[in-house]
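this one's structure only:
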């Protein structure tokens, strides 16, 4: 084992264990890489001719790693929950390394004091050479909490921070009436925009009557209220930023001042709480307990990576305090370092945001907007992290169908949300959707797949790190087209003697293994196979 020292000091901040690795008698061909937190990219990177990946941010892997040949056989490695460090993997030529560190970014924490007696024990890492690396990683990913998957609506992607109480109540009513009332949309999740400020988690003037009255109104329709929070972030404008003790906040070692969170600098200074402090732990527990007592039964905790600025132990302490406060409510993690939330959160976001809520200030109407390859990125991350279903329910993000999405893209997102196996949440202004887009959210045959388990993509590695075309769950087969052109797919469906097209809701009696089906640009076909 090799150690790295903190610059100019004798303290050890990183431990590295390395060894030679061959797969099928040659250098490995593919790295199944995982990102550090929810939104970070995950995928399958080629390792042509054994060239190294050390230092390539898209090829290093956190928490889990797979090194395979072209057939998916090779080495599976996964850290176990617990421990006081971050586990990272690297492959460089024939060398495979496990690296342990703590803290994040430019502010590493000390693993072992160099000038004092002591010992450091690494977190456990399970390693196995197997013919099916992804299957082995699924077997290694254990320790998650049981929970019933939720279905409902979230305010963020259409209304963004402009959401009002009237918007929420209107959607509660709509989902309790007509077609929607029979489809299980029971969660109404209020997202960012309800609070006074980050760190000041009391309703602003757009929510007269407060959280309790909103929860009671939602409950009167047989629904439950969910709330978004960012527990470890504090705006400089929040009262707690002025009133809390200095030691409650993470300090920037370079300046000795409070650390300013870089991702949110555009919104004004944002500080990070240090949950290693007992006062912060009590604050977090009481914060969530208060919302639970007000009737909230679903909590989305966002930007959880900020809790790790104070180190792994601080993050764990903060998460446990949050869990104590939320009691038996569903806890969904986002922006979260993946392994530390295992056994604490019921579900976890496993990919980037699907869209951005933008306001048309002339019309004063918000709308979800996609700028680039967000839908593709959502698919890539879900495919690359499907085997983490034993750690938590997988939240691929929302079933978004409006905004500037094409109809096929909306169909892709609904399909991904259904096949992820975790929360299934609409997020459009449902009152403004066209009938053909509303149909994407009311198709009972597709909705019947939501919450029924996680689909497994076929092993289809490629040089462009695109998600697979074929995805399977039981007798259900999805065929995705990740390109901007229509394609024809020769379908792999051994034993099939027909199929039903779940989106078209029609029978395909001549369908067989090897049938060729057209899939529209940025679209998906969703089939239930008949083997009789």
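Now that the structure is in, tell me what you want to look at. Keep in mind it's a predicted model, so treat the numbers as computed, not measured.

Distance from the chain centre to whatever helix or strand residue 215 lives in, please.
Following DSSP states H and E, one finds residue 215 within helix 210-219. Distance of helix 210-219 from the chain centroid (Cα atoms, centre = their mean, to the nearest Å) equals 28 Å.

ok, and what's touching that helix?
165, 168-169, 172, 188, 190, 202-203, 207, 224-225, 227, 291, 294-296 (Cβ atoms under 8 Å, 6 or more residues apart in numbering). Using the backbone N, CA and C atoms, a C-beta is placed for each residue, glycine as well.

Separate out the buried members of those residues.
165, 168, 172, 188, 190, 203, 207, 224-225, 227, 291, 294-296 (16 or more other Cβ atoms under 10 Å).

Out of those, which is nearest to residue 491?
Of all the buried ones among the contacts of helix 210-219, residue 491 sits closest to residue 188, with 39.1 Å by Cβ to Cβ.

what's the following helix or strand past the helix holding residue 215 packed up against?
Later in the chain than helix 210-219, the nearest helix or strand by DSSP H and E is strand 224-229. With contacts taken as 3 or more Cβ pairs under 8 Å, 6 or more residues apart in numbering; DSSP states H and E, strand 224-229 sits against strand 187-190, helix 210-219, helix 278-293, strand 296-301.

can you list the weak-confidence ranges in the stretch 51-200 of the chain?
51-59, 104-107, 114-116 (pLDDT under 70).

Then the stretch 301-450 of the chain?
Regions of the stretch 301-450 of the chain meeting the criterion pLDDT under 70 are absent.

Please repeat the previous calculation with a cut-off of 90.
Low-confidence segments of the stretch 301-450 of the chain (pLDDT under 90): 359-365.

Where does residue 383 sit, in terms of helix or strand?
Assigned by DSSP H and E, residue 383 falls in helix 374-385.

Figure out which of the helices and strands packed on strand 224-229 is closest to residue 112.
Short answer: helix 278-293, nearest of the helices and strands packed on strand 224-229 by Cβ to Cβ, at 24.8 Å.

if we can go back for a sec, could I get the buried residue list for the helix holding residue 215?
Across helix 210-219, burial judged by 16+ other Cβ under 10 Å covers 211, 214, 215, 217, 218.

count of residues packed around the spatially closest residue to residue 398 that is not a sequence neighbour?
Spatial nearest neighbour of residue 398, chain neighbours left out: residue 427 (4.1 Å); criterion: Cβ to Cβ, 6 or more residues apart in numbering. Using other Cβ atoms under 10 Å, residue 427 has 27 neighbouring residues.

right, and residue 427 touches residue 155 too?
Yes - because the distance of 7.3 Å satisfies Cβ atoms under 8 Å, residue 427 is recorded as touching residue 155.

Need the phi and psi values for the closest residue to residue 412 other than its chain neighbours.
In this structure, residue 412 finds its nearest non-sequential neighbour in residue 524, 5.0 Å apart by Cβ to Cβ, 6+ apart. When read as degrees, to the nearest 10, the backbone of residue 524 gives phi -150, psi 150.

Same question for residue 326.
According to degrees, to the nearest 10, residue 326 has phi -80, psi -10.

Enumerate every residue touching it.
Contacts of residue 326 by Cβ under 8 Å, 6+ apart are 288, 289, 292, 299.

In a markdown table, list the residues you listed along with pLDDT.
A markdown table is the format used below for the contacts of residue 326 (pLDDT from 0 to 100):
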| residue | pLDDT |
| --- | --- |
| 288 | 99 |
| 289 | 99 |
| 292 | 99 |
| 299 | 99 |
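
so which of those residues comes closest to residue 90?
Residue 90 has its nearest neighbour among these in residue 299, at 35.2 Å by Cβ to Cβ.

so the closest one makes contact with residue 331?
Yes - in this structure, residue 299 is within contact of residue 331 by Cβ under 8 Å, at 5.2 Å.

what do these two both touch?
Listed as contacting both residue 299 and residue 331 by Cβ under 8 Å, 6+ apart are residue 322.

what about the helices in this protein?
133-140, 156-159, 165-175, 210-219, 239-243, 278-293, 312-326, 374-385, 407-420, 435-438, 444-447 (DSSP state H).

Just name the most buried of those helices.
Of all the helices of the chain, helix 156-159 has the most neighbours on average by mean count of other Cβ atoms under 10 Å, namely a mean of 26.

by contact count, what packs against it?
Helix 156-159 packs on strand 356-360, strand 365-369, going by 3+ Cβ pairs under 8 Å, 6+ apart.

Figure out which of those strands is closest to residue 184.
Evaluated over the helices and strands packed on helix 156-159, closeness to residue 184 peaks at strand 365-369, with 22.8 Å, by Cβ to Cβ.

Contacts for the closest one next, please.
Contacts for strand 365-369 (Cβ under 8 Å, 6+ apart): 157-160, 162, 354-360, 400, 402-405, 427-428.

mind redoing it with 6 Å?
The contact list for strand 365-369 (Cβ atoms under 6 Å, 6 or more residues apart in numbering) reads 157-160, 162, 355-359, 400, 403-404.

now it: how far from the chain's centre is it?
On Cα atoms, centre = their mean, the centre of strand 365-369 falls 22 Å from that of its chain.

how about it: buried residues?
Along strand 365-369, these residues count as buried under the neighbour rule (16+ other Cβ under 10 Å): 366, 367, 368.

same question, stretch 119-128
Neighbour-count burial for stretch 119-128 [16+ other Cβ under 10 Å]: 122, 123, 125.

Check the gap between the last one and residue 207 for me.
As for residue 125, its distance to residue 207 is 46 Å (criterion: Cβ to Cβ, to the nearest Å).

returning to what we had before: can you turn the buried part of the contacts of strand 365-369 into a PyMOL selection?
Paste this into PyMOL to select the buried members of the contacts of strand 365-369, with burial taken from 16+ other Cβ under 10 Å:
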select buried, resi 157+158+159+160+355+357+400+403
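
Now distance to residue 42 too, for the contacts of strand 365-369, in CSV please.
Listed next are these as CSV, based on distance: Cβ to Cβ, whole Å:
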residue, distance to residue 42
157, 22
158, 27
159, 29
160, 26
162, 32
355, 20
356, 21
357, 25
358, 27
359, 31
400, 20
403, 25
404, 26
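
Tell me the one of the contacts of strand 365-369 nearest residue 414?
Of the contacts of strand 365-369, the one sitting nearest to residue 414 (Cβ to Cβ) turns out to be residue 400, at 8.3 Å.

for that closest one, what are its contacts?
Taking Cβ under 6 Å, 6+ apart, one finds 157, 354, 368, 413, 427 in contact with residue 400.
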